[in-house]
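J.: Below is the sequence, then the predicted model.
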Amino acid sequence: MWGMSSDIAIHAEDLTKFYGDRRGVEGLTLDVHAGQVLGFLGPNGAGKTTTIRLLLDFLRPTRGHATVLGLDPRRDKALLHRQIGYLPGELAFPGRDKAEDLLRFFAAARGGVAWNQVTTLADRLELDLSRSIRTMSKGNKQKVGLVQAFMHQPALLILDEPTSGLDPLMQQEFLAMVADARTDGQTVFMSSHVLAEVQQVADRVAIVRDGRLAAVERVESLGRRATRTVEIHFDDPVTGEEFASLPGVSDVVVSGPILRCTVDGRLSPLIKAAARHEVIDLLSAEPDLEETFLSYYYHQPTDVQAEGAR
Ligand SMILES: Nc1ncnc2c1ncn2[C@@H]1O[C@H](COP(=O)(O)OP(=O)(O)OP(=O)(O)O)[C@@H](O)[C@H]1O
């Protein structure tokens, strides 16, 4: 439909939303491949929720358009929503009492859901379905939201800050649910401001800031580009100068026989230079995607549009 190939679950083209003269999101062009997990990353106010609401036709774009599961959200909203599992960023449940009642209501609205799906998900998340939603903590409400998003095994899951309010164990369980969904061929679009969690499950990461897409990267290539911190202990004092100009080496700090620096990319230039001295020890911290992301994020001009965006 719409000339879209079915291996694209979400296609956004110049998607733009202004709230008055305030930018929600501008010029967002992005494809999400069917069967993949896309992490949609950015800090508060970057435009993640705005983008998600545009994809679902809860907001109308100022400019541009989106195609979701081959459908135009503006024309086929109801049909589209039946095929999607959506977790809103702000959960507002109607006044029904028990979690189970609310989930039965959602299940019926979707034309019936195998109830064992619901209980399986609730068990995984350690959610007591007999509890009253009104008295639930934020985390437990979030679990109810997740169960309703996953319970009909939708072709596409659109999740706005899905781990918010979950404790670390439950965050891991949620990530396992996403990995299982991917195994089953479902597509997942999840927003987050935490790279570490997205890194575990995503195929690609899209980074938004100030309402613009700053980068789209495969998770592995983010990793390959990772900077790492290296500390080398020598027998005798060294000078920083002989290391500071090496390719990829920065932030050189020398205190006596100890050298600390940041290396971007391969370690060999540093290791060759170090080997001119007697090396006692070398410590290299695991490439930290969070740091890579942050350095990338803060050092790029705003209007960079990565080649990987399409
Ligand atoms: N209804 C609105 N009216 C005016 N401005 C809005 C409205 N909704 C969002 N904005 C603005 O649009 C920008 C993007 O907001 P959005 O909620 O999409 O960001 P976000 O990345 O989802 O952030 P958060 O994680 O805080 O939800 C922000 O500057 C925000 O203040």
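T.: Ah, there it is.

J.: As a check, name the ranges of all helices in the stretch 151-300 of the chain.
T.: Along the stretch 151-300 of the chain, counting by DSSP state H, counting those that start in this stretch, helices occupy 168-183, 195-201, 219-224, 241-244, 268-274, 289-299.

J.: spatially speaking, which residue is in the middle of this protein?
T.: Nearest to the mean C-alpha position of the chain, by CA atoms, centre = their mean, lies Gly39 at 2.5 Å.

J.: Residues in a beta bridge with that one, which ones?
T.: Met190, Val205 (DSSP bridges).

J.: Contact partners for it?
T.: Taking CB atoms under 8 Å, 6 or more residues apart in numbering as the criterion, Gly39 is in contact with 190-192, 195, 198-199, 201-202, 204-206, 219. The way it works is simple: take the backbone N, C-alpha and C, and place the C-beta from them, glycine included.

J.: Let me know the secondary structure of Thr119.
T.: Three-state call for Thr119 (DSSP: H, G, I helix; E, B strand; the rest coil): helix.

J.: Any residues of this protein in contact with the ligand? List them.
T.: 19, 22, 24, 42, 44-50, 89 (CB under 6 Å from any ligand atom).

J.: Out of the residues you listed, list just those in strands.
T.: Among the residues of the chain next to the ligand, the members found in strands (DSSP state E) are 19, 22, 24.

J.: And those residues, which of them are buried?
T.: The neighbour-count test (16 or more other CB atoms under 10 Å) applied to these identifies Gly24 as buried.

J.: pLDDT score assigned to Gly248?
T.: Per-residue pLDDT puts Gly248 at 91.

J.: Looks like it contacts Cys261 (just checking).
T.: No. With contact defined as CB atoms under 8 Å, Gly248 does not reach Cys261; the gap is 9.6 Å.

J.: mind showing which ranges of the stretch 151-300 of the chain have poor pLDDT?
T.: Across the stretch 151-300 of the chain, the ranges flagged by pLDDT under 70 are 222-226, 286-300.

J.: Please report how far the spatially most distant residue from the centre of the chain lies from Ile84.
T.: The C-alpha centroid of the chain is most remote from Asp236, which lies 45.5 Å away (CA atoms, centre = their mean). Distance of Asp236 to Ile84, given as CB to CB, to the nearest Å: 64 Å.

J.: Same check on Ala206?
T.: For Ala206, the distance to Ile84 - CB to CB - is 18 Å.
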